[in-house]
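Student: just need the structure, nothing else, for what follows:
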Amino acid sequence: MSIIKKVTCHVVSAPVERPFTSSRGWLYKTRGSCIVEIETQDGVVGWGECYGPSQVARAFIESQYAPRLIGRDAFDVEVIWEDLYNRIKDYGSKGMSISALSGIDIALWDIIGKVCGKPVHKLIGGAYRTEVQAYATGLYFIDMDRLIEEAVEEAQGYAAEGFTAVKMKIGLGSPKLDIERVAAVRRAVGDDVRLMVDANHCFTVPQAIRLGRELEQLNVEWFEEPISPEDVDGYVEVTRALDMAVAGGENEFTRWGFRDLVSRKAMDIIQPDVCAAGGISECRKIATLAAAHGVECVPHAWGSAIGLAATLHFLAALPDQPPSYRPMPPLLEFEQCENPFRDFLSAEPIVQTGGVVRIPTGAGLGIEVRREVLDKYRVA
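Tutor: Okay, here's the model as predicted:
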């Protein structure tokens, strides 16, 4: 048995040299995370990550979850998940309570993998693939006087690095400017690069439909978060009105949160985040629910090397959607904004080569966390 002895939260934050924003208007001046460390009595350490405000995740873990973890067997990972969820669901069935639970779940799977000497994907069904195609997430708004020029330069840079797919931000308050910016990027990277757009839920239903029809003419592959995540009926309208795929779900949590989205086919692609939606355990259930309803699952990813590694293991164990002679496997979101926790937290960074990222093969998550990076950026 791998009895849990200690649970530690590492809240870290680092300044961003070039602050950036999206349609929501939030200026990203820092990158941070709540990193979860769980240690067993045998000295095995598992690492997890929580999406969202770090101090809030730490408060949930330290006050609600950690006391219930001490003395438990880490191999009872789904038993523990159900116990912790039922502890807080009266007041926390969504949001940061589930993000905090996600970090714990990932850390437990890391422990299980290390004890067994197997990568996590071998423990959750096996690997359908040993590598994944990555798309570069970027093209935020930085220089408001060069919105088109900076987008073109950044997209060309990703194409030169070998990325064959790029996702860009839209939602500048002017549909005309949005279309000009997307059209300029499409011309710059050519038709062979897959191009997606992300509105961060800033449009109304009529706006999203009108804009979406123009984006279809530019061979945009999917329209991500066109409208507010609470408006499921609106998503149904937008999805039915457009020929291109509509994506969303990074703001949803647990199998119950995704149930209506997939059963009503409110979107073509769901995007659960393993660091937010309930961890590896719950995202497996969400993906199965989606597959049963013919909805694609392409996870959202935004965080450190820990969250990125967990996402890769989850992707490795996802079947092709749908299976075919020449399948279109799910993509990895590989965000490219400044982030020392993605680039330096793992002793061996996760990188792309020619737009492809290898699935980690080491035990557990397959990464070695550098404690000196946690110490350098630790928030008191």
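Student: contacting residues around Asp143?
Tutor: Residues counted as contacts of Asp143 (CB atoms under 8 Å, 6 or more residues apart in numbering) are Glu150. Quick note: C-beta positions are derived from backbone N, CA and C, even for glycine.
Student: separation between it and Thr130?
Tutor: Asp143 sits 40 Å away from Thr130, going by CB to CB, to the nearest Å.
Student: same check, this time on Phe163
Tutor: Separation of Phe163 from Thr130 (CB to CB) stands at 19 Å.
Student: who has more neighbours out of the two?
Tutor: Phe163 (24 against 10; other CB atoms under 10 Å).
Student: I figured that one hits Leu195, correct?
Tutor: No. Between Phe163 and Leu195 there is no contact under CB atoms under 8 Å: 10.9 Å.
Student: residues in contact with His201?
Tutor: Neighbouring residues of His201 by CB under 8 Å, 6+ apart: 225-229, 248, 251.
Student: what pairs with Val369 across the strands?
Tutor: Beta-bridge partners recorded for Val369 (DSSP bridges): Ser346.
Student: now do the contacts for the most centrally placed residue in the chain.
Tutor: What sits nearest the mean C-alpha location of the chain, by CA atoms, centre = their mean, is Ala301, with 2.0 Å. For Ala301, the contact set (CB under 8 Å, 6+ apart) comprises 273-274, 307-308, 311, 332-335.
Student: next one: Ala310
Tutor: 48-49, 106, 109, 120, 274-275, 279-280, 365.
Student: what about these, which are in strands?
Tutor: 48-49 (DSSP state E).
Student: which one among the contacts of Ala310 gets closest to Ala66?
Tutor: Of all the contacts of Ala310, the one with the least separation from Ala66 (CB to CB) is Gly48, at 12.6 Å.
Student: hmm, the closest one is touching Cys34, no?
Tutor: No. Gly48 is beyond contact range of Cys34, at 9.1 Å (criterion: CB under 8 Å).
Student: give the residues shared as contacts by the two.
Tutor: Common neighbours of Gly48 and Cys34 (CB under 8 Å, 6+ apart) are Gly103.
Student: next one: Ile70 from Ile38, what distance?
Tutor: With the distance defined as CB to CB, Ile70 ends up 10 Å from Ile38.
Student: quick one, which of those two is more surrounded?
Tutor: Neighbour tally, Ile70 and Ile38, criterion other CB under 10 Å: the higher count belongs to Ile38, 25 against 11.
Student: in the strand ranked longest in the chain, which residues are buried?
Tutor: Among the elements of the chain assigned as strand by DSSP E, the one spanning the most residues is strand 4-20. Neighbour counts using 16 or more other CB atoms under 10 Å place 4, 7-12, 14, 20 of strand 4-20 among the buried residues.
Student: format those residues as a markdown table; extra columns: pLDDT.
Tutor: Converted to a markdown table, these look like this (pLDDT from 0 to 100):
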| residue | pLDDT |
| --- | --- |
| Ile4 | 98 |
| Val7 | 98 |
| Thr8 | 98 |
| Cys9 | 98 |
| His10 | 98 |
| Val11 | 98 |
| Val12 | 98 |
| Ala14 | 97 |
| Phe20 | 95 |
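Student: just the closest of those residues to Gly113, please.
Tutor: Comparing these against Gly113 with CB to CB picks out Ile4 as the nearest, at 15.5 Å.
Student: which residues are in contact with the closest one?
Tutor: Contacts of Ile4 (CB under 8 Å, 6+ apart): 38-41, 69-74.
Student: about what we covered before: now list the buried members of the contacts of Ala301.
Tutor: 273-274, 307-308, 311, 332-335.
Student: name the nearest residue to Ile142, sequence neighbours excluded.
Tutor: Phe20 (5.0 Å; CB to CB, 6 or more residues apart in numbering).
Student: kindly report the same for Asp105.
Tutor: Counting by CB to CB, 6+ apart, the residue nearest Asp105 is Gly279, at 2.6 Å.
Student: quick one, helices of the stretch 251-380 of the chain?
Tutor: Taking DSSP state H, counting those that start in this stretch, the helices of the stretch 251-380 of the chain run over residues 254-263, 279-292, 305-316, 340-343, 371-377.
Student: remind me which residues of the stretch 251-380 of the chain are low pLDDT?
Tutor: Of all residues in the stretch 251-380 of the chain, none has pLDDT under 70.
Student: most tightly packed of the helices of the stretch 251-380 of the chain?
Tutor: Burial of these is given as mean neighbour count (mean count of other CB atoms under 10 Å); helix 305-316 ranks first at a mean of 28.
Student: now that one and helix 279-292, what's the angle there?
Tutor: 30 degrees (axes from the mean of the first three to the mean of the last three CA atoms, to 10 degrees).
Student: from the chain's centroid, how far away is helix 305-316?
Tutor: Per CA atoms, centre = their mean, to the nearest Å, the displacement of helix 305-316 from the mean C-alpha position of its chain is 9 Å.
Student: so the chain: which segments form each domain?
Tutor: If you go by automatic domain parsing, the domain ranges for the chain are 4-117+371-377, 122-358.
Student: what is the end-to-end distance of the last one?
Tutor: The one in question is domain 122-358. Distance across domain 122-358, first residue to last, is 15 Å (CA to CA, to the nearest Å).
Student: which ones among the contacts of Ile4 map onto helices?
Tutor: Counting by DSSP state H, those place Leu69 in helices.
Student: what's downstream of the helix or strand encompassing Glu221, the next helix or strand?
Tutor: Following DSSP states H and E, one finds Glu221 within strand 220-224. Counting by DSSP H and E, the next helix or strand C-terminal to strand 220-224 is helix 232-241.
Student: in that next one, which residues are buried?
Tutor: For helix 232-241, by 16+ other CB under 10 Å, it's 232, 234-239.
Student: tabulate these in TSV, adding columns for pLDDT and distance to Lys169.
Tutor: Output for the buried residues of helix 232-241, formatted as TSV (pLDDT from 0 to 100; distance: CB to CB, whole Å):
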residue	pLDDT	distance to Lys169
Val232	98	23
Gly234	98	20
Tyr235	98	19
Val236	98	24
Glu237	98	23
Val238	98	18
Thr239	98	21
